[in-house]
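Peer 1: Need a 3D model of the following:
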Amino acid sequence: MSVNQSSEYAFEARNITMRYGMAEALKDVDFSLKKGEIHALLGANGAGKSTLLKIFDGIIQNYEGSLYLNGKKTTITNANDAQMKGLGMVHQELSVFPNITVAENIFVNRLPKSAVGTVLWKKLYRDSKAVLESIGMDIDPAMLLARLSVADRQMVEIARIVSMKAPIILLDEPTSALSKVEIDRLLEVIIQFRNEGKSVVFITHKLEEILKVSDRVTVLRDGKLVKTIEVTDRSDNAKEDLISSMIGAEKSNIGDMFPPKNTHISDDIVLEVERLTREGVFKDVSFKIRRGEVCVFTGLKGAKRTEVMRALFGVDKNTRGTVRVKGTELRRISIRRSIRYGMGMVTEDRKGEGIVAMMSVKHNIALSTINDCTRFGFIKKAFLNRKANDYVQKLSIKTPSIDLPISALSGGNQQKVILSKWLAAKPEILIFDEPTRGIDVGSKIEIYRLIQQLAEDGTAILVVSSELPEVIGLADRVYVMSEGEIVGELSEDEINGDTIMRLMFSHKTVAGGQN
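Peer 2: Predicted structure coming up:
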């Protein structure tokens, strides 16, 4: 493909392909950024948006394809090289330092110094003040960053990019943690960048933000380029068109991966949650789940689904609201009480919270029922070995020995060990937080079968999932969350990809069939 050498383009990417093992995160993606343009990248979770920006910023190197800067072919070897070439990036996860001042964060690694190497503090604070004022911030540059809100820390990171005078600015979901007022302020700053002749790549899941500020939109789906369009229509019709582009045709083989759903769901409500709130994180979350039912919570990044489950299980504190298990109100929610009342949780953070890496497979399986495996303070070795071997066989856990450290197992088999740990406790309510993240297709199918078998046996299942086929294939009921609130509830006959995606991106509450 010939490369457009026109000075119209500040930056171009051609035929970008990025693989993680056999999986393709990006495939033959083309992208161009005009000078003085705001260009939005749009797509569902896993579409490849952040991966593309990390290639632009030099963080990812082992890709195929070519990059062009002002019409000339270039390579970007790391983030510092990107900065030297005029690209500044604000990441999803803040990369600021809370224990130094605002000014030091803005000019980190670039502090003004005298001829003998001492920091010119007055100049640092003066220059920082000017940068902050240019983006509408009135804060003391000598203040410790730790004293600022998350939103102001985000703006300090943007101030750092401004201080570099970068002509190309990459913004990866900069509004995800901001309030409406803060978002409006940031969007004004982005428009200001364009007015100054800067070029901006802007990732956001909020379509109203895209239609408010963007000149063009590139839509990615499953790592592939769907289309790039000029934004001329900023009405609700344009929003519908963008959603349709992201969704595409629903995959016809979804049902092949999932076993039949439980057709004998009880009317017995085993968990009832009313107005569960954690200030500043999520609010007024209410739902019910029946014995044998699979309820799936889904939403975009930042929807706070995981946070709700952690609060429900007692991992995170400082919540208010009412939680009833089999009609009994839990006055104080804690992990110990949750387990006592028949709850279990397969955590999203498998390595950090789900396993003890250096312990054996059998000891990890016994973690939730350790009292059953001991007598007078001594471990009943024969009982422990018998229990572990039983679950290895039941769940087809591939391990040469139950005495092997769990860290030696594959991700899928580690997940099955974690599930064994909770099955041993015989929970009546089991929470799965992103149960198939990072595991192979074969293990996914086995996990899906186990979930449906548990439902048929009468366990109430709560699942957090970002994968649309998984949501559709597992759920008897779907709760869609956005920015810490439930924005839609769908009963089984209402569950489809189109409705779920529209709820995710439109943020409009839809009443469903709670019964």
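
Peer 1: any idea which element the residue nearest the centre of the chain lies in?
Peer 2: The centroid of the chain falls nearest to residue 301 when counting by Cα atoms, centre = their mean (3.9 Å). Using DSSP states H and E, residue 301 falls within no helix or strand.

Peer 1: That one contacts residue 173, correct?
Peer 2: Yes. Using Cβ atoms under 8 Å, residue 301 makes contact with residue 173 at a distance of 6.8 Å. (Each C-beta comes from the backbone N, C-alpha and C, glycine too.)

Peer 1: So which residues of the stretch 201-350 of the chain form strands?
Peer 2: Taking DSSP state E, counting those that start in this stretch, the strands of the stretch 201-350 of the chain run over residues 216-221, 224-230, 269-278, 282-290, 294-299, 319-325, 328-329, 343-346.

Peer 1: hmm, back to that, how far away is the residue nearest to the centre of the chain from residue 47?
Peer 2: Distance, residue 301 to residue 47, by Cβ to Cβ, to the nearest Å: 12 Å.

Peer 1: With residue 64 instead?
Peer 2: If you go by Cβ to Cβ, the gap between residue 64 and residue 47 works out to 18 Å.

Peer 1: Name the residue in the two with the higher neighbour count.
Peer 2: residue 47 (22 against 12; other Cβ atoms under 10 Å).

Peer 1: show me the residues around the more buried one that make contact.
Peer 2: Taking Cβ atoms under 8 Å, 6 or more residues apart in numbering as the criterion, residue 47 is in contact with 220, 221, 222, 223, 246.

Peer 1: rerun at 10 Å
Peer 2: 25, 26, 41, 203, 219, 220, 221, 222, 223, 224, 226, 246 (Cβ atoms under 10 Å, 6 or more residues apart in numbering).

Peer 1: so what's the second one up against?
Peer 2: By that I understand residue 26. Contacts of residue 26 (Cβ under 10 Å, 6+ apart): 13, 15-19, 47-49, 51-52, 55, 60, 63-65, 220, 222-225.

Peer 1: Looking at the strands of the stretch 201-350 of the chain, which is nearest to residue 495?
Peer 2: Between residue 495 and the strands of the stretch 201-350 of the chain, the tightest spacing by Cβ to Cβ is seen for strand 294-299, at 8.7 Å.

Peer 1: in the closest one, what counts as buried?
Peer 2: Applying a neighbour-count criterion of 16 or more other Cβ atoms under 10 Å, the buried positions in strand 294-299 are 294, 295, 296, 297, 298, 299.

Peer 1: would you turn those residues into TSV with pLDDT?
Peer 2: As requested, the buried residues of strand 294-299 are exported to TSV (pLDDT from 0 to 100):
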residue	pLDDT
294	97
295	97
296	97
297	96
298	94
299	90
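
Peer 1: Out of the residues you listed, the closest to residue 122 would be?
Peer 2: residue 299 (47.4 Å).

Peer 1: Make a PyMOL selection of the buried ones in the contacts of residue 26.
Peer 2: In PyMOL syntax, the buried subset of those is picked out as below (16+ other Cβ under 10 Å):
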select buried, resi 13+16+18+47+48+49+51+52+55+60+63+65+220+222+223+224+225
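
Peer 1: quick one: which of the contacts of residue 26 sit in strands?
Peer 2: Cross-referencing the contacts of residue 26 against strands under DSSP state E gives 13, 15, 16, 17, 18, 19, 64, 65, 220, 224, 225.

Peer 1: Could you dump those residues into JSON lines and include pLDDT?
Peer 2: Output for those, formatted as JSON lines (pLDDT from 0 to 100):
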{"residue": "13", "pLDDT": "96"}
{"residue": "15", "pLDDT": "96"}
{"residue": "16", "pLDDT": "96"}
{"residue": "17", "pLDDT": "96"}
{"residue": "18", "pLDDT": "92"}
{"residue": "19", "pLDDT": "87"}
{"residue": "64", "pLDDT": "95"}
{"residue": "65", "pLDDT": "96"}
{"residue": "220", "pLDDT": "92"}
{"residue": "224", "pLDDT": "92"}
{"residue": "225", "pLDDT": "95"}
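
Peer 1: Run through the stretch 301-450 of the chain and note the low-pLDDT ranges.
Peer 2: Applying pLDDT under 70 to the stretch 301-450 of the chain flags the ranges 349-357, 367-380, 383-384, 410-412, 438-442.
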